[in-house]
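Participant: any chance you can model this:
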Amino acid sequence: MSVEKRRYIVSNRNAPQLDPETLQDLKNFIDANEEAELIKSTSVGRHVVSMTEEQRRELEQRHPNLIIEPDHPIDVMPAPLLPQVVPGTGEQVLAVSVKDLTTGQPVAGVTVYGVGEAVAYKAETDAQGVAMLECSESYLLKVVASPRNTYWSRVVENVDLNGVQSLEIRLKPLLVTGAFDWGHRLMGFPRVNRQWRGRGVRVGIIDSGITNQLADLRPSGGFNTLDGQNEGDWFVDEKGHGTHCGGIIAGLNNNIGITGGAPDAEIYSVKVFPGGYTSDIVEAVEWCIRNRMDVINMSLGTTERAAALENVLFDAYQRGITCVAAAGNSSTTVAYPAAFQTSIAVSALGRFGTFPEDSDHTRAITNIVDPLGELFGAEFSNFGPEVEVCAPGVAILSTVPTGYVAWDGTSFASPLVAALAALILEAYPAVRTGDARQPEYVRSIIRSSTVNLGMPPLLQGNGLPLATRALAAARPFRPVARSFPTPQWFGGFTQGGAF
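Facilitator: Presented below is the predicted three-dimensional model:
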């Protein structure tokens, strides 16, 4: 009879590392229990152990000073507003033919979704541009063609499958000119780009990897945290998510593709997807601390609060690192790590007229608009008092390993704010104190640069930050005093600090 085991993160409640006696006892405990296994230990003394619930309780009783918490699986944030994808039964089969609008040529590799009342069905176009969509219902609210690159998505609504065996969808090509995307322009990056480009600033991007095969993107290095993989494979990006974030931050200003907000910043890929766990994010932050990152972007999130993650982010904060995180794409409360007070949580907004009316980006439109009727709060964006600022996150054009694509998500709003943080650190060298004052200076400048969009504060936070305001005259700032509880290994949740 097999015994169910789970992964747990084991760390010290009262100090950064386990004391030698406790560490030795942990090793002895693992050796004495056949089901227990030490999966890995991070560089600063956090340990990942696979064991049964009974063993976890025993270890906790032996060492009350330990924090033993589940090591949850993680992935990139889910696609905004898409129902759960399930296998079709084949009761209804729709042949969806996808072609280029201008040339009529078939488009391969397009993901096609059939969205029903409660679930969605999924298929992919073959070399002939045809996807066989198997469904379990006779009516679809819509069929969505979502290309990997090169084209805008396309939506066909109200598809009755009774008597219908095929559907043709034509995709409009993206216009990629080497310029700033609409999000960068809205935040004023082009107006400061001649003077401030992120020179000398190191940005760690904790994500799915960043390709090093694009002429428009030049990552400086990185680290792969994933178990059983080569630590040097930070450039492998199966999902494209990390590469997209990398382009938003530091796409080169070389007349190719797109231009990032901080094109001269050094970006580093710290890979935690696919197949990662909370402990991989912890290890990624440790790597960023060890390699002296100035800014960390985390376009990822979970509903599970983890003390190990909170503690390591507090350590990064104490070392002067500005941590920027996506609020989440579930139209609910802010996800972790954005919800931690050491993070700058970023929600998403969109702009009318920046995407085709028959594209899938229209799902993000709400009636929460600014006074001019140009901007809207994104339907998918998480919200709450933790939101610091909002930024463009609908139809954001950026790099992927196979080219360029426009995607939605707070995942792509966060890198815009991370890019702004990089410019601030370049423009205000006096704020680079290397301690907790540094991220507070950056936060204060970002907050002072915002424009109130007239949207609910729980959604927009302090508003939309503008690079032009943030960098005006590069004048010195004093940080706003903030007080918040310190994580457990810094003395418990009763002690606070103001900076």
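
Participant: where do the strands of the stretch 151-300 of the chain begin and end?
Facilitator: The residue ranges that make up the strands of the stretch 151-300 of the chain, judged by DSSP state E, counting those that start in this stretch, are 154-160, 166-171, 202-207, 221-224, 266-271, 276-277, 295-298.

Participant: need those strands in TSV (columns: mean neighbour count).
Facilitator: For glycine as for every other residue, the C-beta is placed from the backbone atoms N, C-alpha and C. Below are the strands of the stretch 151-300 of the chain laid out as TSV (neighbours: other Cβ atoms under 10 Å):
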stretch	mean neighbour count
strand 154-160	15
strand 166-171	17
strand 202-207	29
strand 221-224	22
strand 266-271	27
strand 276-277	24
strand 295-298	30
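
Participant: I'd like to know which of those strands is closest to P371.
Facilitator: With Cβ to Cβ as the measure, strand 154-160 is the member of the strands of the stretch 151-300 of the chain nearest P371 (29.1 Å).

Participant: and the closest one, what other elements does it pack with?
Facilitator: For strand 154-160, the helices and strands in contact under the criterion 3 or more Cβ pairs under 8 Å, 6 or more residues apart in numbering; DSSP states H and E are strand 139-146, strand 166-171.

Participant: that one vs strand 139-146, what angle?
Facilitator: Strand 154-160 runs at 160 degrees relative to strand 139-146, counting by axes from the mean of the first three to the mean of the last three Cα atoms, to 10 degrees.

Participant: quick one: strand 154-160 to strand 166-171, angle?
Facilitator: Between the direction of strand 154-160 and that of strand 166-171, the angle (the same axes, to 10 degrees) works out to 160 degrees.

Participant: is E157 in contact with V144, as I believe?
Facilitator: No - if you go by Cβ atoms under 8 Å, E157 and V144 don't touch, sitting 9.7 Å apart.

Participant: picking up where we left off before, H47 is nearest to which of the strands of the stretch 151-300 of the chain?
Facilitator: Proximity of these to H47 was assessed by Cβ to Cβ; the nearest stretch is strand 276-277, lying at 13.0 Å.

Participant: average pLDDT for that closest one?
Facilitator: Averaged across strand 276-277, pLDDT comes to 95.

Participant: chain center to it, what's the gap?
Facilitator: 14 Å (Cα atoms, centre = their mean, to the nearest Å).

Participant: before we move on, the earlier item: same list (the helices and strands packed on strand 154-160) but as a markdown table, adding mean pLDDT and distance to E91.
Facilitator: Written out in a markdown table, the entries for the helices and strands packed on strand 154-160 read as follows (pLDDT from 0 to 100; distance: least, Cβ to Cβ, whole Å):
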| stretch | mean pLDDT | distance to E91 |
| --- | --- | --- |
| strand 139-146 | 95 | 12 |
| strand 166-171 | 97 | 17 |
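
Participant: I344: which of these is closest?
Facilitator: The minimum distance between I344 and these falls on strand 139-146, with 29.6 Å, by Cβ to Cβ.

Participant: strands paired with that closest one, and their directions?
Facilitator: strand 111-115 (antiparallel), strand 154-160 (antiparallel) (DSSP bridges).

Participant: any idea which of those strands gets closest to Q213?
Facilitator: Of those, nearest to Q213 by Cβ to Cβ is strand 111-115, at 22.0 Å.

Participant: can you name every helix or strand that the helix or strand that that closest one is followed by contacts?
Facilitator: Downstream of strand 111-115, the next assigned helix or strand under DSSP states H and E is strand 119-124. Secondary structure elements in contact with strand 119-124, counted by 3+ Cβ pairs under 8 Å, 6+ apart, are strand 84-85, strand 111-115, strand 130-135.

Participant: now the shortest one: mean pLDDT?
Facilitator: Within the predicted structure, the mean pLDDT of strand 84-85 is 86.

Participant: who's in contact with that strand?
Facilitator: For strand 84-85, the surrounding residues in contact (Cβ atoms under 8 Å, 6 or more residues apart in numbering) are Y113, A118, V119, A120, Y121, K122.

Participant: relative to it, what are the paired strands and their orientations?
Facilitator: Under the criterion DSSP bridges, the sheet neighbours of strand 84-85 are strand 119-124 (parallel).

Participant: if we can go back for a sec, using JSON lines, please lay out the strands paired with strand 139-146 together with mean pLDDT and distance to P190.
Facilitator: Output for the strands paired with strand 139-146, formatted as JSON lines (pLDDT from 0 to 100; distance: least, Cβ to Cβ, whole Å):
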{"stretch": "strand 111-115", "mean pLDDT": "95", "distance to P190": "33"}
{"stretch": "strand 154-160", "mean pLDDT": "95", "distance to P190": "30"}
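
Participant: I'd like the ones you listed as a markdown table, with distance to A378 appended.
Facilitator: As requested, the strands paired with strand 139-146 are exported to a markdown table (distance: least, Cβ to Cβ, whole Å):
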| stretch | distance to A378 |
| --- | --- |
| strand 111-115 | 19 |
| strand 154-160 | 17 |
